[in-house]
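J.: quick one, what's the 3D model for this:
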Amino acid sequence: MQKKNHMTDHKTRLAVFCSGSGSNFKSIYQAIAEKTLNAEIVLCLSNRSQCGAMEFARQQGIAILHITEKQFDTFDEFAAEMVKQLKDARIDNVLLAGYMRKVPDAVVKAFPDKMLNIHPALLPKFGGEGMYGLHVHTAVLEAGERESGATVHFVNEEYDKGKILLQRTVPVLAGDTPESLAARVLECEHRLYPDALEKLLTLQKS
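T.: Okay, here's the model as predicted:
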């Protein structure tokens, strides 16, 4: 029987940033439980006090934090408070799951190679400012692409420019609408993000 190493007993503490229904948040939460990954979601941060993700966090007994620029006199104060809250919660990694705001540079710099985002297309194509929601899927269809998919990437100071961690493709079908493609990509996201988290935890352990 192997002796337990006290260093490996530490569960990676995750913060999930959300703005919407929280479907990716739920898939990550469920995957952690099912796969028994050595991680736990300890904080849900949102720019919206009432959204599906925050409600799910409340139901699961996960700490919630509603924080927006409007609560502060300056953007720098907002960014500094966000960093403080994450550090106070002893967060190891940050996962963006439908967070519809650009993360302040100060927060990105506080978590180098420890912040992931999921994007509903195959980066580096179809990324950047304005490429979210149905805008992305409309652009994919208008470009005549034969496949789309989802990308999990590290977050840096530029929209969708961070190093890609994991990608998975889905076919674009004849007769697809932005809505039908979005549904297929979302199913892909729900499988991809937990796998990407598992990969991140493995990389950090090695």
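J.: in the protein, where's the longest helix?
T.: helix 178-205 (DSSP state H).
J.: for that one, what is the average pLDDT?
T.: The average pLDDT for helix 178-205 rounds to 95.
J.: what comes up buried for it?
T.: Within helix 178-205, the residues scored as buried using 16 or more other C-beta atoms under 10 Å are 178, 181-182, 184-185, 188-190, 192-194, 196-198, 200-201. (Each C-beta comes from the backbone N, C-alpha and C, glycine too.)
J.: just stretch 105-120 next, same as before
T.: 107-108, 110-111, 114-120.
J.: can you pick out the most distant pair from the residues you listed?
T.: Ala110 and Pro120 (26.3 Å; C-beta to C-beta).
J.: which other helices and strands contact the helix or strand bottoming out on mean pLDDT in the chain?
T.: Lowest by mean pLDDT, DSSP states H and E among the helices and strands of the chain is helix 23-35, with a mean of 92. Helices and strands touching helix 23-35, by 3 or more C-beta pairs under 8 Å, 6 or more residues apart in numbering; DSSP states H and E, are strand 12-18, strand 39-46, helix 52-60, helix 178-205.
J.: closest to Thr74 out of those?
T.: Going by C-beta to C-beta, the one of the helices and strands packed on helix 23-35 nearest Thr74 is strand 39-46, 19.4 Å.
J.: tell me the angle of the closest one relative to helix 178-205?
T.: 130 degrees (axes from the mean of the first three to the mean of the last three C-alpha atoms, to 10 degrees).
J.: numbering from 211 from now on, please.
T.: Sure thing, new numbering starts at 211, so read that last one as strand 249-256.
J.: between strand 249-256 and strand 222-228, how many degrees?
T.: Using the same axes, to 10 degrees: strand 249-256 against strand 222-228 is 30 degrees.
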